[in-house]
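[1] Sequence below, structure please.
(2 chains)
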Amino acid sequence: MSTPQDPRYTGVSELPPYRALLVVDMKDYSGNAGRDQTELTQLIPEVMEAAFERAGLARIWARKTFHNGTGDGYAIGLPPELLPHLLKPYLSALQEELEDRNSRRPHYWNGPMRFRVSVNLGPIADSGANQLGDGSGAERVVLHRLLDSDPVRHLLAGSDPEVTQVAAIISRRVYEDAVLARFADDPASLYVEAGAEVKTYQGLAYLRVPKPSGDLLSRGFLKPPRGAESGAPATPAAPAPPSGGFGVQINGSSGPIYTGSGTQNNTLYRGPER
Amino acid sequence: MLQTFRELIGSSAWQLLLAEGMLRSYSPGQAILRQGDPGGFLLALDHGRAKLLASATDGAQLLLTVRGAGQLLGELAGDEGLRTATVEAMDRCTAYYLSTAQFDRFIAKHRLGQEFHRYVTGKFDQAVSRQVDLAHRSALRRIARLLHDTAVLAPSTAADPMRVPFTQEELAGSLGLARSTVADQLTTLRAAGALTRGPHLVVADLDRLAAVFRV
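    Take a look at the predicted model:
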């Protein structure tokens, strides 16, 4: 006995159009008070757009073929030929835009605004009218799996929140088509290969941090931040650097120590031995 | 200042022109075109500033001028010619790449031959007037003009549009002046309130700066 099939899904079909896919997600969004979340939700696409302008790419933002808010993030689709510009100069422009805004952020924010970013490429349903269902497809799922994967989360958890504000993960396809083929004009050595595994997704991906700091410099991109392995919270109990003073972070044996003109902090947390 | 090609053909035609091209992004300091390279294509600069540099046989580099958004770069070389100057990005720049053949088709299709002719003539006039400047105008006027044009052309996204990203050495080398002369003239411009006081080159008052070379 055969199952009756929806005629929309029988027969050989054309591929949907290819799209360059970009999604950002704000770290610790839910750590902000509920009343501030609306403002932040609106701010996310505003920051993305401002970063396109900063990069001289205001016209790219205007060419997005679909866009959806994801609550604590925002996803857009673009014509595939624009893909390389999303890696360079966009990632650095986004880091700069966040630095700029964070340096004059309102006191009620729960720390600086930091973005995880994922970039992918593939055939995506797209009516061009931003309808429901637009932006769906297997590669869209991959886009979000990459965004939620541990390697890219570790990049933000293991770096200084006041310095590293963008951490990106790109799919193998993006790496091959834009980076290895040199369209992005970025040396391939700036990207670090990582295995990404989320739910049923398993695959190679590549990490890129425009402005690395902290453990990313001392231990590399791939080691989970201290504390993540032992089941402790992903962000170790790192104290915020003393505000208003000049501080230098020293990674002591008992966790980060901040020295400077502000308060001296020495956490009790002891990370696992290397 | 040189009228932009975008102003000459109007912004809707400019958009159509960009749509024919391929988007390129450049980092500050990156060469967009190199002197001596073959032609065959041109770029429509849509964002940021670029400086034009010509090297003499002895290796000295002379700054010819600064171009901003809405200008064409490299259209004079045509299909056969060579690049007469090096063009270097000063900001993050975006430009649209078109082959000479594509550009010629675009001009023919939209009947913009006259506008293009006027544009090229304008560039030629500008080059002549700069030669006159070089021979007959005071160092003060040449410096004032360069600083003024550079600030006016800054993209809106520049961290500080009034900041002129040249060092005194660059100014001296590029204008063919002694460094001490440049330093003296900058002191004069600061005293006149045209530039701010401080270690960087920052325009304080565009009108006062313009008054120096428009006399």
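[2] CA atoms of stretch B:137-153 as PDB?
    Output in PDB follows, covering the C-alpha atoms of stretch B:137-153 (Å, rounded to 0.1, in the frame of the first residue of the first chain):
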ATOM      1  CA  ARG B 137      50.700  78.600  -6.600                       C
ATOM      2  CA  SER B 138      52.100  79.000  -3.100                       C
ATOM      3  CA  ALA B 139      52.700  75.900  -1.000                       C
ATOM      4  CA  LEU B 140      50.100  77.200   1.400                       C
ATOM      5  CA  ARG B 141      47.400  77.100  -1.200                       C
ATOM      6  CA  ARG B 142      48.300  73.700  -2.500                       C
ATOM      7  CA  ILE B 143      48.300  72.200   1.000                       C
ATOM      8  CA  ALA B 144      45.000  73.900   1.900                       C
ATOM      9  CA  ARG B 145      43.300  72.600  -1.300                       C
ATOM     10  CA  LEU B 146      44.500  69.000  -0.700                       C
ATOM     11  CA  LEU B 147      43.400  69.000   3.000                       C
ATOM     12  CA  HIS B 148      40.000  70.600   2.100                       C
ATOM     13  CA  ASP B 149      39.200  68.200  -0.700                       C
ATOM     14  CA  THR B 150      40.200  65.200   1.400                       C
ATOM     15  CA  ALA B 151      37.900  66.200   4.300                       C
ATOM     16  CA  VAL B 152      35.000  67.000   2.000                       C
ATOM     17  CA  LEU B 153      35.200  63.600   0.300                       C
END
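[3] list the buried ones in that stretch?
    Counting neighbours by 16 or more other C-beta atoms under 10 Å in any protein chain shown, one finds that the buried residues in stretch B:137-153 are B:139-153. All C-beta spots, glycine's among them, are computed from the backbone N, C-alpha and C.
[4] which residues touch A:W61?
    Taking C-beta atoms under 8 Å, 6 or more residues apart in numbering or on different chains, we find A:W61 in contact with A:M48, A:E49, A:F52, A:E53.
[5] Now render those residues as TSV, adding pLDDT and secondary structure.
    As requested, the contacts of A:W61 are arranged in TSV below (pLDDT from 0 to 100; DSSP: H, G, I helix; E, B strand; the rest coil):
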residue	pLDDT	secondary structure
A:M48	98	helix
A:E49	97	helix
A:F52	97	helix
A:E53	96	helix
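[6] And the next helix or strand past the host helix or strand of B:R142?
    Following DSSP states H and E, one finds B:R142 within helix B:139-152. Using DSSP H and E, the helix or strand that directly follows helix B:139-152 along the chain is helix B:168-175.
[7] Show me the beta-bridge partners of the residue in chain B that chain A sits nearest to.
    Nearest residue of chain B to chain A, counting by C-beta to the nearest C-beta: B:H47, 3.4 Å away. Under DSSP bridges, the beta-bridge partners of B:H47 are B:T94.
[8] In terms of pLDDT, where does B:A19 sit?
    On pLDDT, B:A19 comes in at 96.
[9] Ok, A:V47 next?
    Note for A:V47: predicted pLDDT of 97.
[10] Helix, strand or coil: sort out the residue nearest to it when sequence neighbours are not counted for me.
    Once flanking residues are discounted, A:V47 sits nearest to A:E97: 5.8 Å by C-beta to C-beta, 6 or more residues apart in numbering or on different chains. With DSSP: H, G, I helix; E, B strand; the rest coil as the basis, A:E97 sits in helix.
[11] Also B:V132?
    Going by three-state DSSP, the state assigned to B:V132 is helix.
[12] Show the contacting residues for the closest residue to chain B within the stretch 1-150 of chain A.
    The nearest approach of the stretch 1-150 of chain A to chain B comes at A:G56, 3.4 Å away (C-beta to the nearest C-beta). Taking C-beta under 8 Å, 6+ apart, we find A:G56 in contact with A:P89, B:S25, B:D46, B:H47, B:G48, B:D91, B:R92, B:C93, B:T94, B:P155, B:T157.
[13] Lowest average confidence across helices and strands of chain B, where is it?
    For chain B, the helix or strand with the lowest mean confidence is helix B:168-175, at a mean of 82 (criterion: mean pLDDT, DSSP states H and E).
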